[in-house]
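Visitor: I would like to see how this sequence folds:
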Amino acid sequence: MYSKNKVSVLFICMGNICRSPTAEGVFRDKIKKTGLGADIQIDSAGTHDYHIGKPPDRRAQEAARGRGYDLSDLRGRQVSEQDFETFDYVLAMDTDNLALLLERCPAHLQHKVRRLLSFSRRYPNLDVPDPYYGGQAGFDRVLDMVEDAAAGLIEEINRNAK
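Guide: As a prediction, the model looks like this:
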């Protein structure tokens, strides 16, 4: 259960085995390095139930490991109705998943739902492309985009904490 005294962030893609666990792992690492780890709760989920209980894609884990991020303890889950109440930030990886989330989210909570790259300086308001059917370069591109957005998200959280 998540404490409402903490900021909570949920990253969401379609199956929760590539993009959103990558974002969770990157953000978890960056938050830990800032010393805010105790103040921020982080999770990831998928809009679909394809990979519940499964670890992140092997290629996502390898790409992340190459940059010093460990995704091995993460397991896929599907976003729930309660997540819209629980999390302060519900961050979709792309326009399609954003639309699915907004369909499910109660109107009074839709302000929490955004695209992850709305926090990016280098890739503002773009979609994080799904690397599942591509090669290794796609997983590296996801990492580039997620790392940039994570920095912007940390800045936003720090601004709002003041």
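
Visitor: and the lengthiest helix in the chain, which residues are buried?
Guide: Looking across the chain with DSSP state H, the single longest helix is helix 136-161. The neighbour-count check on helix 136-161 (16 or more other CB atoms under 10 Å) flags 138-139, 141-143, 145-154, 157 as buried. All C-beta atoms are positioned from the backbone trio N, CA, C, and that covers glycine.

Visitor: for stretch 64-76, same thing?
Guide: Within stretch 64-76, the residues scored as buried using 16+ other CB under 10 Å are 64, 69, 71, 74, 76.

Visitor: and the contacts of that stretch?
Guide: The contact list for stretch 64-76, computed with CB atoms under 8 Å, 6 or more residues apart in numbering, reads 15-17, 21-22, 24-26, 29, 44-46, 50-56, 60-61, 143, 147.

Visitor: got the CA positions of stretch 50-60 in PDB?
Guide: Extracted C-alpha coordinates of stretch 50-60, given in PDB (Å, rounded to 0.1, in the frame of the first residue of the first chain):
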ATOM      1  CA  TYR A  50      -0.600  -9.900 -21.500                       C
ATOM      2  CA  HIS A  51       2.400 -10.200 -19.200                       C
ATOM      3  CA  ILE A  52       1.100 -10.200 -15.600                       C
ATOM      4  CA  GLY A  53       3.700 -11.700 -13.200                       C
ATOM      5  CA  LYS A  54       6.400 -11.800 -15.900                       C
ATOM      6  CA  PRO A  55       9.800 -10.100 -15.700                       C
ATOM      7  CA  PRO A  56      10.800  -7.400 -18.100                       C
ATOM      8  CA  ASP A  57      11.800  -8.400 -21.600                       C
ATOM      9  CA  ARG A  58      15.300  -9.800 -21.700                       C
ATOM     10  CA  ARG A  59      16.400  -7.200 -24.200                       C
ATOM     11  CA  ALA A  60      15.100  -4.400 -22.000                       C
END
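
Visitor: quick one: contacts of that stretch?
Guide: Outside stretch 50-60, the residues within contact range by CB under 8 Å, 6+ apart are 14-19, 21-22, 25, 61, 64, 71-72, 74-78, 131-132, 136, 139, 142.

Visitor: in the chain, which spans are strands?
Guide: Secondary structure of the chain (DSSP state E): strands located at 7-13, 40-46, 89-92, 113-115.

Visitor: of all those strands, which lies closest to T34?
Guide: strand 40-46 (9.1 Å; CB to CB).

Visitor: since that was my last question, I'll sign off now.
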